[in-house]
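**Q** Prediction below, plus the sequence it came from.
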Amino acid sequence: MTAAIQLATLLELERHPVAITFLDSPPDDLKRTEHVAAAGCGYWKNAADGDAFYTEATDHYGCPIGAHTHGVELPSEQGAELEGVIGTMVELEYLETYEVAGIPRRDEPFGVVRYTPLAEAIGNPDVVLVRGTARQMMLLAEAAHAAGAACETSMVGRPTCAAIPEVMASGLSATNLGCIGNRVYTELADDELYFVFAGQQLEKIVDRLGAIVNANNQLEQYHRQKLA
């Protein structure tokens, strides 16, 4: 059983974990997305639902914030929109001005992005993105901690797409509650959140996940008996 299948099986995930990989040029084995999403995180949902494809820079212009975090160079129109959206967020006291400069962003030139269900990934992806319930993400976060891949960052992580460059830079993991834009574009349920980790950590995390799931099942019985 591959690590991808083990991950989905142990956590009883309803959607595929998503493999995200940044490439210099389009892959030969995938088609370009046929539907340009309103925001880059919309592609997460498509891959989580089983689709496999790649995107180019122009496919990310719909969300200037997401394009910025991914390292896409924006034309003047989208650049102005980015400034406007950030200005609105500051005006609404959603963000403080000083926070803007700290939003994670890829530094490398943007080529294309490969999105697939994790089980269809070729080699280790740059990032593995998992969505699920708080209980499922608790188990995954505990496994990452046991594997030495935990990262002590805020779970807020606005915008959610910034978790991708954050994890790529750290080589570790991040728990993210999802921002309101992401929840709209991905239809993330009120009781769902994300766990994101570097692809290089996949085997280590899955290796610890079985023991973590078993331990939680045993401890749950203990606590329920004690409660009774």
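**A** Arrived safely, thanks for sending.
**Q** What does the residue nearest to Glu12 when sequence neighbours are not counted show for phi and psi?
**A** Excluding its sequence neighbours, the residue lying closest to Glu12 (C-beta to C-beta, 6 or more residues apart in numbering) is Gln136, at 7.2 Å. Quick note: C-beta positions are derived from backbone N, CA and C, even for glycine. Dihedral pair for Gln136: phi -60, psi -40, per degrees, to the nearest 10.
**Q** Check Tyr194 too.
**A** Per degrees, to the nearest 10, the backbone of Tyr194 is at phi -120, psi 150.
**Q** repeat for Pro125
**A** phi -70, psi 170.
**Q** So it sits against Pro17, correct?
**A** No: Pro125 lies out of contact with Pro17 (C-beta atoms under 8 Å); the separation is 9.8 Å.
**Q** list the residues that contact both of these two?
**A** Common neighbours of Pro125 and Pro17 (criterion: C-beta atoms under 8 Å, 6 or more residues apart in numbering): Leu118.
**Q** list the contacts for the nearest residue to Glu120 once chain neighbours are set aside?
**A** Distance criterion C-beta to C-beta, 6+ apart; nearest residue to Glu120, sequence neighbours excluded, is Ala52 at 5.5 Å. Contact analysis of Ala52 by C-beta under 8 Å, 6+ apart lists 30, 115-117, 120.
**Q** quick one: low-confidence ranges for this protein?
**A** 1 (pLDDT under 70).
**Q** which other helices and strands contact the one helix or strand Arg135 maps to?
**A** Using DSSP states H and E, Arg135 sits in helix 134-146. Helix 134-146 is packed against helix 3-11, strand 127-133, strand 173-176, strand 192-198, helix 202-227, with contacts defined by 3 or more C-beta pairs under 8 Å, 6 or more residues apart in numbering; DSSP states H and E.
**Q** Rebuild the ones you listed as a markdown table, extending it with distance to Val72.
**A** Listed next are those as a markdown table, based on distance: least, C-beta to C-beta, whole Å:
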| stretch | distance to Val72 |
| --- | --- |
| helix 3-11 | 28 |
| strand 127-133 | 16 |
| strand 173-176 | 20 |
| strand 192-198 | 19 |
| helix 202-227 | 26 |
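**Q** What is the neighbour count of Ala3?
**A** 20 (other C-beta atoms under 10 Å).
**Q** Next: the one 10 residues further on.
**A** For Leu13, the number of neighbouring residues by other C-beta under 10 Å comes to 18.
**Q** right, and it touches Val130 too?
**A** Yes: using C-beta under 8 Å, Leu13 is in contact with Val130, at 7.0 Å.
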